[in-house]
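Colleague: My questions are about this predicted structure, shown below with the sequence.
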Amino acid sequence: MDSNGDTGLLREEAFRHVIAHRSMLMAYVRAIVHDPGLVEDTLSDVSVAIAQSWERYDTSLPFGPWARGVARRVALSNLREHGKHPVLLDAEVLEAVGVEMDAYADSGEGERRKQALDRCIEQLSDPNKELIRMRYLMNRTTREIAQTVRRTAGSLYVTFSRIHKTLRDCVRRRLETA
């Protein structure tokens, strides 16, 4: 397999981890960002940053602490870019939140969610799978995707929000029936 194929598989693995840990990452980003309008954008940026740095992630280590480190850097960068001053929780509080999140992940729930997510992604329509692929596997910006699919960035934000809700609801249903 060529390096492009290897990179694509790595990004797909990264994306699946991000989706499986989306709730944890969302909670962590919210604890730092506090701006509802910036939280979702920051979470998308975190997903891309994780995919871009996936080759440097040591898979023998837990995903949660590493992903939160990426999320913290991205969140602080986004706050600076938007001229907002971070209202950071004390480092001890953020660490305690992280420990609780790791305990959740260690319970096996994260892996169950990941498996459920894999099945839910398979159920998406082909156009929605393609949007997910472009955004999270190819690391394209919403603006680039909008140009490619000839839609506005605003309509894509709505579409991605709906896709995330669909996946979240599907995963929830699968976990309830498992």
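Modeller: All right, it came through fine.
Colleague: got a list of contacts for stretch 166-173?
Modeller: Residues outside stretch 166-173 that contact it (CB atoms under 8 Å, 6 or more residues apart in numbering): Ile19, Arg22, Arg113, Ala116, Leu117, Arg119, Cys120, Ile121, Gln123, Leu124, Asn128. Quick note: C-beta positions are derived from backbone N, CA and C, even for glycine.
Colleague: Looking at those, which two lie furthest apart in space?
Modeller: Largest separation among the contacts of stretch 166-173 by CB to CB: Arg113 and Asn128, giving 19.4 Å.
Colleague: For those two, work out which one has more neighbours and name it.
Modeller: Applying other CB atoms under 10 Å to Arg113 and Asn128 shows that Arg113 carries more neighbours, namely 23 against 17.
Colleague: what's the nearest residue to the more buried one if we skip its chain neighbours?
Modeller: Distance criterion CB to CB, 6 or more residues apart in numbering; nearest residue to Arg113, sequence neighbours excluded, is Ala20 at 4.6 Å.
Colleague: Let me see the contact set for that neighbour.
Modeller: Taking CB under 8 Å, 6+ apart, we find Ala20 in contact with Gly110, Glu111, Arg113, Lys114, Leu117.
Colleague: could the residues you listed be laid out in CSV, adding secondary structure and pLDDT?
Modeller: Below are the contacts of Ala20 laid out as CSV (DSSP: H, G, I helix; E, B strand; the rest coil; pLDDT from 0 to 100):
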residue, secondary structure, pLDDT
Gly110, helix, 65
Glu111, helix, 71
Arg113, helix, 77
Lys114, helix, 74
Leu117, helix, 83
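Colleague: Now distance to Arg72 too, for those, in TSV please.
Modeller: Below are the contacts of Ala20 laid out as TSV (distance: CB to CB, whole Å):
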residue	distance to Arg72
Gly110	19
Glu111	24
Arg113	22
Lys114	23
Leu117	24
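Colleague: Which positions within stretch 28-43 qualify as buried?
Modeller: Neighbour-count burial for stretch 28-43 flags Tyr28, Val29, Ala31, Ile32, Val33, His34, Leu38, Val39, Glu40, Asp41, Thr42, Leu43 (criterion: 16 or more other CB atoms under 10 Å).
Colleague: farthest pair in these?
Modeller: The most widely separated members of the buried residues of stretch 28-43 are Ala31 and Asp41, with 16.1 Å between them, by CB to CB.
Colleague: low-confidence ranges in the chain?
Modeller: Along the chain, the model assigns pLDDT under 70 to residues 1-10, 85-95, 97-110, 137, 139.
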